[in-house]
Structures are given as C-alpha cells and as structure tokens.
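> got a structure for you, letters missing:
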C-alpha cells in the first residue's frame, strides 16, 4: 500500500522549498482561513458544528514589499486575490495593474491588498522579480506623512517574511486551490434492509469522502446514515452523522446546507464524511440505482516503512499508517467522524508519528500555525491547559527533527505572547492551576482524578515548555528572553520533587490541592518526567518499578496516553515487553475488527460497549490519530533511529529486535532516509545524509563493512558513521 | 435647507431605540466591517488607498443566545447571514432551520453563525421571541463536554449584548443594507475646453456622489478629472482624484477597479467622489452627450438651527452645517475628497458639532466603535498619540450630552485595554512621550514645534482621559478601577504646573525634553487646560492675557485648533471678540469662494496657495469637518445651551448676543429641543424636556413669564426652569 503514494505528487513534501514564483500571503493567514473551512466541516446529525473556542481570521489588509536592484529593466505580471494597489518608489500607480515595467536600478515595490473573505495574497512573475518567501509583509504599515508630504521616519512597522505553500499557478489563487485529492472507490458488499430500497453498503474498511448517489429515479428525499460500525449506520436515531438529499424534477437540494444543484440523475454530496458503512434509505417515490464514493485524501508520501517477522505487528503498523493517513488532511486532525477539528494534544503526537512516516513538515507547520491563531490570547489552545503546553513542546520536536530555524523565527513572537498568557495564570509558587475557563484535561481516565490545584502532570509539561522557550529564544538571538525563560524553567524544575515527590511510594503524586499533597499516584506526570529526562538514573529506575510497572497503579485506557507510557518503557530498554503490549492492545483492536485505530480501547469492554463514549452509543471515534502510536514506537525504538542534533545533522541508530526474528524499515530524514535491516546476526544500515552512530548490543565486538566499533559499556558497542554507503554489521546476539 | 431633511426618514436618529425584531450582531462588528468598506473607498489618482493603520475585522464565528420563558408555544422565523446552526435546550437541530416551534416553559435558544466575509448576524421573529439588543452574544463560548457528555461548569465565556441598527427587514441582511441615500443633481454651468469634447462642469458648490455619463456614443475611454477648484479639475497631472471609464460595443469598464457592466448608453460610476468641478475628457472616438450626478448623503435630520441679524454669520452657520452634513456619512469622516477616513481627532469635534446640529447619537457610537477596533492594541488610534486620548474624551462628551450609560458599559472593556496600552507607554514620571511608531501630531503648525520628550499638550489630554476612565469605571461599578484611574489622574494633574509652568511667562511651556523645560510657549496645552478647567481662576485670567490674547504667541492656522482656541475665549465671556474672529476667519474663506469649510486656512495666503498642502498643489481638503466649528460655538456659547447633568437631565441656558442685534435658534436634546430667541430687550426660551437654569446678564432684575430670577452676582441673574412651556423674559441690556 505504501508504494502507491510514492508515485503521486509529493505536494505537501515539496512545499517547504521556495520556488521561482508562488502565491504569497501573511504567514499563518492561509492556515487560519483554511483551518476555519476545515473545522467548520464538522457536523452532528446534519447540524453545522463549529469549534467552541475562538475562531480567528486572517488580516484583511496586507502590504507586500520587496527592495529591488535590477541590472536591466524587466516587465512583471501581477495578480492578487483581493482589491489591490501597486506603489513603485512610493508612488501609487493607477488602478490595479496586471503588468508593470520595472526600470533598472534600486527601487522599492509595494503591493497592498484588501480582502475580507479570503487571505490577501499576491503573485508576481518577472524575469528576476518573483513573489516568494523572501518578500516582506505587514498588516500595519504605519507610514504616515507630515504636512509637507514627508513620510514618517519613526515608523515601528513590524515586517514578517511572506507565507506560501506551492500554489504556483497565476490563474489559481490560494482560495481556489484544493489541497486534497480524490479517487473513486466502490463498496465491497451491500445488503437489502427494507423492501422499499433501504440498503446497507459496506466499503470494507474505515474511509472518508463523499457519497455518490447514482441513477436516481423519481422524486423525494434520500436519507443517508453513516456508521463506523453497522450498528451505527442502522441506528437512525443515534448515528453521529447523516445527510438528507431531496431530489425534485429540476434540482437536488442538500437539506442540511440548503444548497441546490441541477438534477442530472447522479449526485455527489458536497460534504465529506467518515464511515465504513452507509445506510441509504430513500423515501417512497425515489429510487437509488447505485452508490459509490469519492475517497478524499492528502497527497502525502509514505516515506517511512516497517516490516518484520511478525505478521500481526506488520498489520498493526499498516493500520497505524492508514489511521495516520486518514487523519492527515489539510491539517493533522484528531478523528475523522465526530470531531474533525485540530487539537493540540492530538497533533503533537501526529507530528511525532509523521516524522517516522511522511516526514511532512508543511503539515506540521500548518497545524502549528492554525492552533496558535492570532493575538490576543484569550484562552488556552482548544481551551485546554495541557494543550497549550503541548503546543510549545511540538515546536521543540519540530526543531529537533527538521533543524528548521526559520519556522522558529516566524513563530517566536506568537510563542512569546502565548507564554505571557500562561505566565499570567500561575499561582504564587509559579505553578499552573486551572482557573475559570481553563479545561484541565490530562486524559479520559477511568478512575476519579482531581483537576483542582496544581497537577504534577501540568507542571512537568510547563517546565518543558519553558525550556523550549529558552531554546527558541537562543535561536532567535534574544538573550534577555533566553535568560528569563531559562531561569523560570530551572526554578520550576527545582520545585517538582520538593512539591510532588512521595518518598514512600517513590512517585510524583497527582496534585497539590489546598496546600495538601494528594495520595493519588498515577502514571501521567511520572512517565512524562521519565521521557523528558527530568529524573536522575536511580529515580528513573525506582519510578519504573514503583509506578510504570506497578499493577496497582491505575491502567491507562486511551492510546493517547499509552503513547507516552510505552515510550517511557522503550526508553528504558523494555522493547520486548512493549512488543507484547502492542500485540495485546493494538492487536486487540484488530481482533475486534478495527480497520483503523480508536480513540479509546478498554480490553475488558465487549460488543457495542466499544462504540460508546460521551454518553452517546456511537460517540467514540474509531479512527483517531492518537491510536497510531506503534508507527512512532517501531521507528524510534525498534529501528531505533533518533536525531541527536537538529535536522539529523547527527543521528543515532540503536536497532532493537525486542523479540522479533528480523525487521527492516526506513526512517525519513529532512532530505534523505535511514534504512535499517536487522536479524539476530546481522545489521545493515544506510543513511543518505548526515552522520552519526550505530549502537549495537552484542556478546562480542561486532564487525562492520565500514570502520571499527568502539566499546561503550558491557555488551555495548558504537560505530561512528560518516558514509552514505550501506554498512553491513555482523554481531553476536546476547 | 434644513427643513428638507426633516421629512426624510430619520434612520440614524431612530437607531438607538430597540425595535420589535431587528438584525443583530456582535457589538461593533458591523461598524468595523462597514468602516473597512468606507475607508477603502479612498482613492488617489485612481489607485485604491486603504488606511496605513491596522485594519480590523469582525469575529467570524458568533453565538447568539436567549433564555426563554414562554406562556404558550410559538413558532419563530429564523434568518442568518452566514452558515448557522440552531441549538434548543442544548440540542443541535438538523440543518439550518428557517422556522422552529418553541414549546411553552423555560428554555434556552442558541444560534451560532459563521461568516468570513460579512458580520455573522441573525434575525428572529416570533410572537414574543424576537432578535433585539437584549440577546447575548459571544465569539468564544468555551462550552466543552467531558467523556460522559457533561458540559463544562467552569466556563469563562464572556457575553456581550447584541449590536444592532435599524435593519428590520428579514429579507435584507446587514451587508445588503445601504445606510446612505441618493438624489439626482445637475451641474449649474458647463464650459467647452477642447474642440473634441473636453468639458468642465460646475455643480455650483462642493458636493459628493457618483458622476453619471449620459448618451454615450462610440467607443473609447472617457477620462474624468475631479476638482474642488477649477484649477484642480483642469490640472490633469496633479488633480487628486480621477476616473477612467472605457466604453466598448458590449460593455463599460471601470479601468481603476476592472469592473465591467453592459453598455446601455448611460453609465453611473460605482465610485463616489468629492468635487465641485468635473472635467470630462473623452478620447477621440467616444462622445459624452451629457453629465449629471447622483448626490450621496446620510439621511440625518437638521435638528439644530441658528439665525441672527448678521447675514454673513448666517451664511457661516449654513456652510458649516453643510460641511458637517457632507462629512457625516456612514461615520464621521475628516474630509470628503482626499482622506475619506475616520480620524479620532477630527471625529471628536464632529461629535460636538453634531450635538448642536443633528444630535445623531448612532453615528457617534458607530464612529467610536470603528475607531477603537479590536484587541490587541498595537498602535495608537490612527497611529496618533493625541488621537487615542481624544477617543476617551469623546466618550466623556457623549455621556454628558446623551446620558447613555449602556454605551459606556459596552465600551468599557475596550476602554480598559486601550488605557492599558497607553499606560504601558509612559515615562518614569508617568507622562506620555512619543515612542517609536507613535505619531505625535498636535496640529499642522506653521512654526517649528518639537515632538520630542513630554509635551504639555499630550499630558493635559492624558489627564482628561484618565478622568474619563474614572467616570466610566464608576458608571460600570468597577470601584477598584475607579480608584486606580482617579489616583493616576490626580497625580498627573498635580504634576502639570510643577513640570510645565513658566512663572515669568505665565504659561505652560511646550515640552520637557532631555530634562530641560522648553522656552517655547504656544496656545495648545494652555487652551485645553482652560477648557478642561485645569487652572484656577487667577491662573486662567493670566493665561488668557499672556498666551491666548498675546499677539507674540504663534497664531493657529487650522480650523481644527481654532475650534478649541475660540472655545477658550468664549468660555471666558469673549463672545464679542470671537464673533469678529469668526467673521474674519470663516468669513475669509467665504470671501475666497468657499462653499464648504477647509482643512486649513492661512488668511495671508493668496490664489492657488489656498489649494496646496502636503507638498501637492491640490492636497488641501476644501471640505473638512473640523472647519465647521461655528456650528458648535454658536449653539454652545451664543444660544448658550449646555448640558449640566448627563443627557440634559439638567441644563443651563446662557444666551449671549456677542454684538448681534438678535439671534434665534434651536439646540437638540436627546428627546427634545431647547429653542432660544434673544434681542437686546427680550429672551424667549422653550425646553421640551429636562429642567435647568436660564442665566441672564442684565442691568436690573429681569422679568419672566414663569417664576422669578435670583441674583447670582453683579448684573447676573438666574431663573430656575421646570416647565415645558415657552418662557418670555424682559431684561435690560447692559
């Protein structure tokens, strides 16, 4: 399956490269606009369902500018989406010129665009003068003149570098580009349910797209009920999504959106939906000849791969990758049926899985921009305290995996204003407590868990966020900020143990509430502290035993938090145990018939219990991005590929079979790949960029086709790699 | 002239009254949207010319809600501008219902609308349930649910009361309403300028609207050059505004906007322009049969009036009123030719003139909302420090004249955030100095004036702004804020004399720069301190002599600052001198041929010098709102009508002839009028609402048809008025 995408346009992957000329806009504004369109596609039983958090919008007036130094005159073509003007050397030109001849020499070119509906954007094409990411943009040029006509010399205009994707066609402005692709697909089986034409169509697996009604005869309404399960599609009163399409002599009307088109006998729905099963129930008077679908997908490339000796694990990886693909759309979304929104806590996991699957940085950047939105900050991201903190941490990961400093520089002002909001909500100890309007989420836990007072979990995330702020302040060269955030981070980190540590239980307790340290121990804060390296080695070891591997500590029942739980086990070398857990937990979903991974899975549930959530019989999402974590775990902790310096400038490869007989796979890097094959005697690796280390556990010194291993500990050996040829290693399994 | 408007729809004046059902939106959002349309109508020689400050936009997703308590079921009609949903008692309804039956009892109704292009708005019509200003709105409902489906009980949603105008037709949503009116008008003379059809049309006076080209024959471009003077219309290379319309066989194309319509032989331009003269120059191949115009105006009512024994003063009042009418459009704008933007310093004078002419509160409110825009505050209003301060002071005036506390409550959160911005830009002494990006304007002065350091003028305005914040904090019941702002105001006021007073010159000096008190004395800070009552009586007297009446202090040459200068003279009883100055200055403009009052007038200029400004030969605006101040001065200091308590609950009438033989006129109050007639023996007054005092200067006790005068000083008498009948007073002129 993975190969088919390789041949498609790598649209998303290419987008980070500057091209000769492209449509440009204020950075982040296209994402905010596109995000509104995407988030607002969510429906609940035919009702439009926009997010409950603040919906931002693009800047409606934007100025684009470029300083020119031309050896020869040249003519440029100009296009804009919006009403615009062109100012050359400070002089406004008549009308909205679509061509302009630039004389040789040093000149300034400014184009100002107003557009209420869609992001103001321009396209300029000349021999050497072309719109691209080097143009400067501002929403506030502050260029007044005095009585004599002299322009202000004290302007405080703040310029940013233009945003762009890969919209390179002058005739297709950004709002008209469809970033997704479509492919016709058919159902695999159909079942008559009523005598008058009610039929249940099964498309064979979880999918997403537009239903196509074919060969319609007669007049009346066709009701369409969607299900991720047959139970849901057939439960007309409780299925989460539905459509009603009315066929008249002349037109077809979508009764949910009130949009009509001419009746041509076939009808493709405008709205997309997630489903495996579709129950189509026409009113008497109208007959549906056939049903099909138009599969909608993002044209991303499957760059990562994984195969091994265990077919079940291969199936887990495949279904995980498919789950990731379904939830990778204009942005990384949480689930495709019920939610269809962008959530920061879900996205930060998608980013990590993406680095081991698509390595599609543009989708990470788009999602990050959309989540942040515009100033002023009036609530946590998605209203959730933890989700604000994950947003910072996602930037840390992005920088580590891509090495892209430009994106950090673009975001830094909005990182600052968001962190100021967070710092404005700390208690007297500098810790975050939920204030009115803050959703303290953590996880959908099946045990009582207080959200009051200072939660250790939130402080661990907060500490990492402050460290990320310090890192990014250093990148943008803001030493004052770097010092301030660094100090706040180390102060907070210094308080974690004194505030939350329970010596007798060898754990961070859940929270401190009204000055009282809680008795509750759960895994959340402890596993994050392990993953972030906040504990010293003996403490880590003790927390592993007393919390992570302690059966009396409440179990985690969402793939969301199992992601971090299993990461903490892998990071401590427990790949063999984690392999078993993956086969139990994700294998358990497969045995329940999953074709994509779920929002939540409680192994002890049975039958339709698996479908229910939020007090609704089909409220649970059966295709949820956070369900796909094996894609990440297998790449990072089995193939063992990790960037050590930003952007894989330096990497480490620590392959671990974890009980498998053999495995092979590939991990994408910014401009290359690292491929790994391993069995119990041989390792073959190839990295097409960067340099790094291969770490091998072996009973004796391994032999390599390139260079020599050095011993780094008992049964531990390391090989420095500075070649882009394949390296073969023979080793002795211990 | 004034009467003709009386018969038109009083659309603007009626808007503050809640009606049975009307289109509603997030307060201020319609204004911001409409303001963008209006500001962006500005052009410079055929180029689109949007403001250089931040252009805000409406909230794109808004929820409207209403708690219901119905004795009986009722059906409501629902319309929305945007994509919407309807939630009844927390349950989303299918699609976008245009009818819904509400059962009896207590219920909640929520309608959520998304619209990127125009403000989300709704219209609900039922028997008792109707959309109006009592509905609550929010852009951020923060209503998440937990895993069980339970809604959050810690939401921090901030609701506002819905905004509305008088858009009461369900079939005409807000974005489709034209708030202006049109009337065909003709030129008064025409002159052939070229053999091939170039003609100069004179419309007799300054006017505004759309040119109509009639009986077009042939194909080619018709060039249209506008002038406030014939020199400008005929100077093809330098006139400030122009249009180019191309007639082809099939269509007519506006070459500035690239909009085409079918060629029917006649063509009305889409763009409005200001002009008295229009030079129409067709290319060879096309002939223009005739030219006319469609006058565009706001349907405001001339409620104030003034007539007196001096025909020149009557003409000054008439031209002032016409200048106000031309600049009163969707909002109060500065000038109608070049600028066509909303400027806070100009608007605050329009407000005051408006209270003596139209008393059109909705236009004051719209303008105030638009100027404030949205958070975050990233610059001063219009980028000008003084203009931010005037914005606060305009709210003080609004409250004094109208008594409208609801508007103060609506604005208060944005007053706070703007004042926080201002307070974030003070120096160590708590004074405002221009920081990078701040335009410190003061006035277009013809003498060198430093804008560096702390200007006394800015601190006087700042002090008044802080006092306004205190007043408004008291109105909304925020005692903490009231205390804080009150303290800041009194501290700053206490520093004015120590910092800026020059004892030898008996004046506030211009500024303190690098710790050094300036030598310069000008009128700006001194006259504002007089007008705000910041000086004690002896100081006021001394400043009048040593600054305001001192010929060695530089003269003011804009009507803008003459407004405050003459107010300070009037406030000290110098109406006779001010009458002379009005006849000299505004009469001077009339003698130069003015049919509306100018942006600037330097009596010593001659000929085309009067037209030039900003380094451009026709850069000066010959119709500028701030030119109309006699309308204000004559109402407030000659008819002498002043509100003493907010909204004219208590008023004072102090008529002063100032050298006139007689005068009569009317001053509007929120729901009535105060009319005054005076000659040198008799005064007649009638107030149709409120109560107050008539103050008369008289050689002996005046006799009244109602009640008795009390003596209040030498030759000063006061009559308490608590009747709505006309009162006649006989008095002895001193």
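Alright, I've got the coordinates. In this text, all values refer to a predicted model and were calculated from it rather than measured experimentally. Numbering: from 1, shown residues only, chains lettered A, B, ... in the order given.

> Name the next helix or strand following the worst-scoring helix or strand of chain A on mean pLDDT along the chain.
Within chain A, confidence by mean pLDDT, DSSP states H and E is lowest for helix A:11-14 among all helices and strands, at a mean of 40. Towards the C-terminus, the helix or strand next in line after helix A:11-14, according to DSSP states H and E, is strand A:24-25.

> what's that following strand packed up against?
Counting contacts by 3 or more C-beta pairs under 8 Å, 6 or more residues apart in numbering or on different chains; DSSP states H and E, strand A:24-25 is packed against strand A:121-125, strand A:163-164. Just so you know, the C-beta spots here come from the backbone N, C-alpha and C atoms, and that holds for glycine as well.

> Count the neighbours of the residue in the stretch 601-734 of chain A that chain B sits nearest to for me.
Residue of the stretch 601-734 of chain A nearest chain B, by C-beta to the nearest C-beta: residue A:615 (3.0 Å). For residue A:615, the neighbour count with other C-beta atoms under 10 Å in any protein chain shown is 12.

> What's the separation between it and residue B:151?
To residue B:151, residue A:615 is 11 Å away according to C-beta to C-beta, to the nearest Å.

> And the pLDDT for the residue of the stretch 601-734 of chain A closest to chain B?
pLDDT, residue A:615: 91.

> ditto for residue A:603
Reported pLDDT for residue A:603: 93.

> Could you list the low-pLDDT ranges of the stretch 451-600 of chain A?
For the stretch 451-600 of chain A, no stretch has pLDDT under 70.

> the helices in it, which residues?
Counting by DSSP state H, counting those that start in this stretch, the segments of the stretch 451-600 of chain A that form helices are A:456-476, A:479-500, A:523-531, A:537-543, A:559-571, A:575-591.

> Of those helices, give the one that comes closest to residue B:97.
helix A:559-571 (36.1 Å; C-beta to C-beta).

> Run the angle between that closest one and helix A:523-531 for me.
Counting by axes from the mean of the first three to the mean of the last three C-alpha atoms, to 10 degrees, helix A:559-571 lies at 40 degrees to helix A:523-531.

> buried residues in the longest strand seen in chain A?
As assigned by DSSP state E, the longest strand anywhere in chain A is strand A:199-218. Going by neighbour count (16 or more other C-beta atoms under 10 Å in any protein chain shown), the buried part of strand A:199-218 is A:199-203, A:206-213, A:216.

> residues touching residue A:399, list them.
By C-beta atoms under 8 Å, 6 or more residues apart in numbering or on different chains, the contact list for residue A:399 reads A:405, A:407-408, A:471-472, A:475, A:646.

> Show me the two of the residues you listed that sit farthest apart.
Going by C-beta to C-beta, the pair spanning the contacts of residue A:399 furthest: A:407 and A:471, at 13.2 Å.

> show me where pLDDT drops low in chain A?
A:1-19, A:152-155.

> Centre of the chain to stretch A:460-479, how far?
The chain centre lies 21 Å from the centre of stretch A:460-479; the measure is C-alpha atoms, centre = their mean, to the nearest Å.

> do the same with stretch A:290-301
A distance of 20 Å separates the centroid of the chain from that of stretch A:290-301, by C-alpha atoms, centre = their mean.

> Same question for stretch A:51-68.
22 Å.

> Name the nearest residue to the closest residue to chain B within the stretch 151-300 of chain A, ignoring sequence neighbours.
For the stretch 151-300 of chain A and chain B, the shortest gap (C-beta to the nearest C-beta) falls at residue A:156, measuring 2.5 Å. Nearest residue to residue A:156 in three dimensions, chain neighbours excluded: residue B:437, at 2.5 Å (C-beta to C-beta, 6 or more residues apart in numbering or on different chains).

> now do residue A:429
Residue A:429's closest residue in space is residue A:495 (C-beta to C-beta, 6+ apart), at 6.6 Å.

> Check the burial of the one you found by counting its neighbours.
16.

> For it, list the residues it contacts.
A:429-431, A:459 are the contacts of residue A:495 under C-beta under 8 Å, 6+ apart.

> which stretches of the stretch 301-450 of chain A form helices?
A:311-327, A:344-355, A:361-372, A:385-402, A:405-423.

> gap between the last one and the chain center?
It refers to helix A:405-423. 18 Å.

> Show me what it is packed up against.
Against helix A:405-423 (3+ C-beta pairs under 8 Å, 6+ apart) you get strand A:160-161, helix A:361-372, helix A:385-402, helix A:456-476, helix A:479-500.

> Give me the angle between the third one and helix A:405-423.
In this case it means helix A:385-402. Computed by the same axes, to 10 degrees, the angle between helix A:385-402 and helix A:405-423 is 160 degrees.

> gap between helix A:385-402 and the chain center?
For helix A:385-402, the distance to the chain centre is 11 Å (C-alpha atoms, centre = their mean).

> and if you look at the fourth one?
The chain centre lies 20 Å from the centre of helix A:456-476; the measure is C-alpha atoms, centre = their mean.

> one step back: scan the contacts of residue A:495 and report the most crowded one.
Counting neighbours by other C-beta under 10 Å, residue A:459 leads these with 29 neighbours.

> rewinding a little: now distance to residue B:38 too, for the helices of the stretch 301-450 of chain A, in CSV please.
What follows is those, written out as CSV (distance: least, C-beta to C-beta, whole Å):
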stretch, distance to residue B:38
helix A:311-327, 44
helix A:344-355, 39
helix A:361-372, 31
helix A:385-402, 38
helix A:405-423, 31
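
> Out of those, indicate the one that is most buried.
By mean neighbour count, with neighbours taken as mean count of other C-beta atoms under 10 Å in any protein chain shown, helix A:344-355 ranks first of those at a mean of 27.

> Show me how far it is from its chain's centre.
Here helix A:344-355 is found 5 Å from its chain centre; the criterion is C-alpha atoms, centre = their mean.

> likewise stretch A:594-601?
18 Å.

> pretty sure the residue nearest to residue A:156 contacts residue B:383?
Yes - taking C-beta atoms under 8 Å as the definition, residue B:437 is a contact partner of residue B:383 at 7.1 Å.

> any common contacting residues for the two?
Common contacts of residue B:437 and residue B:383, defined by C-beta under 8 Å, 6+ apart, comprise residue A:142.

> List the contacts of the residue sitting furthest away from the middle of chain A.
Residue farthest from the centre of chain A, counting by C-alpha atoms, centre = their mean, is residue A:148 at 52.9 Å. Residues in contact with residue A:148 (C-beta under 8 Å, 6+ apart) are B:614-615.
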